[in-house]
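Student: Just to be clear, the model below is a prediction. Sequence and coordinates:
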Amino acid sequence: MFDAEPLDVVAIGAGFAGLYMVYRLREQGFSVHGFERGDGVGGTWYWNRYPGARCDSEIMFYSFSFLPELEQEWPLTERYPGQPDILRYLEEVASRLDLRKDFTFGAEVTAIEFDEAADRWTLRTAQGHLATARYVVTAVGCLSAANQPGFPGADAFQGLSLHTGNWPREPVDFTGKRVAVIGTGASGIQAIPVIAGQAAHLTVFQRTAQFTIPAENGPLDEQFVALWKRNYPEWRRRARHSAAGFPYTPSITSALEVSEAERRAAFEAAWGAGGFTFLSGTFRDLALDEEANKTAADFVRAKIAEIVHDPDVADMLKPRDFPIGTKRLPLDTNYYETFNRQNVSLVDLRRTPVEEITPAGIRTTAGHHDLDVIVYATGFDALTGPLEALGIRGRGGQALRDAWREGPQTYLGVAVPGFPNLFTITGPGSPSVLSNMPVSIEQHVEWIGDCLAWLRGHGGEVIEATGQAAAGWTDHVQQVASVTLHPKAATWYMGANIPGKPRVFLPYIGGVSNYRDHCAAVAANGYGGFAVFPAPAPRPVGKGDDGTRPGDGRAA
Ligand code: N01
């Protein structure tokens, strides 16, 4: 139970990040409490219960590395874990570590204000909770503020309206229903084949056609699992020191230095194997070079033409206006095949835009679609949205939303100048959504835990990223992105899906391993780029008073 005593730390969110952060700080002897708007743990996996919801990271490395016993005991059944499996996993973590007692659930944080006289944060929830703490750690995820398009008439729809990112707890039965799915990103692409299997009729409203690669999901072989479990520490090490948090070896070959036949064979093999290695494991320059990228895009467009029987529908499904991989590449199970079903139709919103939602359905410029259910698979106000929704006000009462009017300014994606003692797990400017999330979350949690231990050991109470350090890091984030094809596409990585949002590349694409080294160097250098008050006395670099080296520690 939360008893309103002043705390060392408040954490917000009870997904992977919040659970580990609260556990870590509790073990370090800090008084810490978490607030979570859902009624239980799970974060992303609590809210995204839509049919077909499944993780695109393989199950072997979509888990914590700091729980070696659970790692050995947890069943690895399917290649990709479904939403219910991941939710069960996080519930098990919460039970084993006895974490629920350190959280208040059903508590939506709406205001977090820094009191400069006391150097403390005051936090309020919509449900009336009030807390004060020296430090605040946000663990609210990158994709937790649902993007609900403002179609005229949407509120008047008499049927059921659902958003994939805010799905009800009870399963929705689509049997006999006329259903619309608006949006064909990773969520829509997972949901569409499953809903099509239940609904009387499914109409897919597509604004931008997407590339997608077969997931090739299926049961895992027992021998494979046993071998994997025996070598877990090495796989984890490789994931930490990789580009994207996956323990695979990237290709070193250019798509342009091999013959057409070799290129096709590589793409065909990766398509058959399924998964993200279609991009990273085939050729090294698909994300960097337009000509190389086009070879992969052409391959997928040819696959769409092969799979989809109706040539007009196939044509509508072929993505043409962005390089493959610049929008997050979804993995699918029978996505393109679904458009061969008699009960599925496709509406191209570029040709026939939505005019309005009516009480009975959706009217486009081509006519009216009668509907019982509308599923909005329209994505999220990514990375900045969940943070700005917390109502954070830093020095001088400045709102985070105002500080980030031209785009987020962060130092390492974990701290913001003008907002002392605030840490943002997987914030903008960190690898976050470009990586296997548990790997990036663990790195941030451990770095923050080490930082707070170091402050305590050095008598520091306030730590704040300097404006100069944040400006330098923010420039670096943009510069690294500019080497890739990403800025050429209008994507949520660029803030382009939200009207009025500044167009800057939000995550850090320099790689998980480089990023980890960078953060470790900052810590080893006495938290260079941060101002600390009271300033720590000069002391030999390396040893904190609690006996840990900054940046080195792991929880268990
Ligand atoms: O959202 P999206 P998502 N009118 O933004 C369309 C992660 N994820 O929820 O492309 C009509 O990708 C929009 O069209 P356009 C993953 O990182 C992970 O699918 O903007 N359409 C697009 O088609 C992913 O990238 C997993 O033109 C509108 C769609 O809605 C991220 O979440 C599973 C519209 C939104 O696609 C977000 O994926 C699922 C409008 N006004 C998701 N507004 C796993 O690994 C938007 N759209 C499990």
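Tutor: Yep, that arrived. None of the values given here were measured: they were computed from a predicted structure. Numbering: from 1, shown residues only.

Student: What residues does the stretch 1-150 of the chain have near the ligand?
Tutor: Near the ligand, the residues belonging to the stretch 1-150 of the chain are 54-56, 143, 149 when assessed by CB under 6 Å from any ligand atom. Placement of C-beta: from N, CA and C, glycine included.

Student: now with 8 Å?
Tutor: Contact residues, the stretch 1-150 of the chain versus the ligand (CB under 8 Å from any ligand atom): 44, 48, 53-57, 80, 83, 142-143, 147, 149-150.

Student: Contact partners for residue 140?
Tutor: By CB atoms under 8 Å, 6 or more residues apart in numbering, the contact list for residue 140 reads 12-13, 386-387, 390.

Student: of the residues of the stretch 1-150 of the chain next to the ligand, buried ones?
Tutor: For these, a burial check counting by 16 or more other CB atoms under 10 Å picks out 44, 48, 53-57, 80, 83, 142-143, 147.

Student: Which one of the residues you listed is nearest to the ligand?
Tutor: Nearest to the ligand out of those is residue 56 (CB to the nearest ligand atom; 3.4 Å).

Student: Would you agree the closest one is in contact with residue 214?
Tutor: No. Assessed by CB atoms under 8 Å, residue 56 is found out of contact with residue 214, at 11.6 Å.

Student: With adjacent residues omitted, what lies nearest to residue 146?
Tutor: For residue 146, ignoring the flanking residues on the chain, the nearest one in space by CB to CB, 6 or more residues apart in numbering is residue 165 at 4.3 Å.

Student: mind checking the SS state of that neighbour?
Tutor: Three-state call for residue 165 (DSSP: H, G, I helix; E, B strand; the rest coil): helix.

Student: Check the one 5 residues further on too.
Tutor: Going by three-state DSSP, the secondary structure assigned to residue 170 is coil.

Student: Mind pulling the model confidence for it?
Tutor: The model reports residue 170 with a pLDDT of 94.

Student: can you give me the helices for the stretch 51-200 of the chain?
Tutor: Using DSSP state H, counting those that start in this stretch, the helices found in the stretch 51-200 of the chain span residues 68-73, 83-96, 186-196.

Student: Now do the buried residues in the longest one.
Tutor: Counting neighbours by 16+ other CB under 10 Å, one finds that the buried residues in helix 83-96 are 83, 85-87, 89-91, 93-94.

Student: Adding mean pLDDT, write the helices of the stretch 51-200 of the chain out as TSV.
Tutor: What follows is the helices of the stretch 51-200 of the chain, written out as TSV (pLDDT from 0 to 100):
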stretch	mean pLDDT
helix 68-73	97
helix 83-96	98
helix 186-196	98
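
Student: can you tell me which residues contact the closest residue to residue 436 other than its chain neighbours?
Tutor: Among residues not flanking residue 436 along the chain, residue 245 sits closest, at 3.3 Å (CB to CB, 6+ apart). Neighbour list for residue 245: 61, 239, 431, 435-440, 512 [criterion: CB under 8 Å, 6+ apart].

Student: cool, residue 305 as well?
Tutor: 311, 314, 318.

Student: Let me see the confidence value for it.
Tutor: Among the per-residue scores, residue 305 holds a pLDDT of 98.

Student: Look up how far residue 299 lies from it.
Tutor: 11 Å (CB to CB, to the nearest Å).

Student: Report all helices and strands that the helix or strand encompassing residue 374 contacts.
Tutor: With secondary structure defined by DSSP states H and E, residue 374 is part of strand 373-376. Using 3 or more CB pairs under 8 Å, 6 or more residues apart in numbering; DSSP states H and E as the contact test, the elements touching strand 373-376 are strand 160-163, strand 178-182, helix 186-196.

Student: Tell me the neighbouring strands of that strand, and mark each as parallel or antiparallel.
Tutor: Partners of strand 373-376 in the sheet, by DSSP bridges, are strand 160-163 (parallel), strand 178-182 (parallel).
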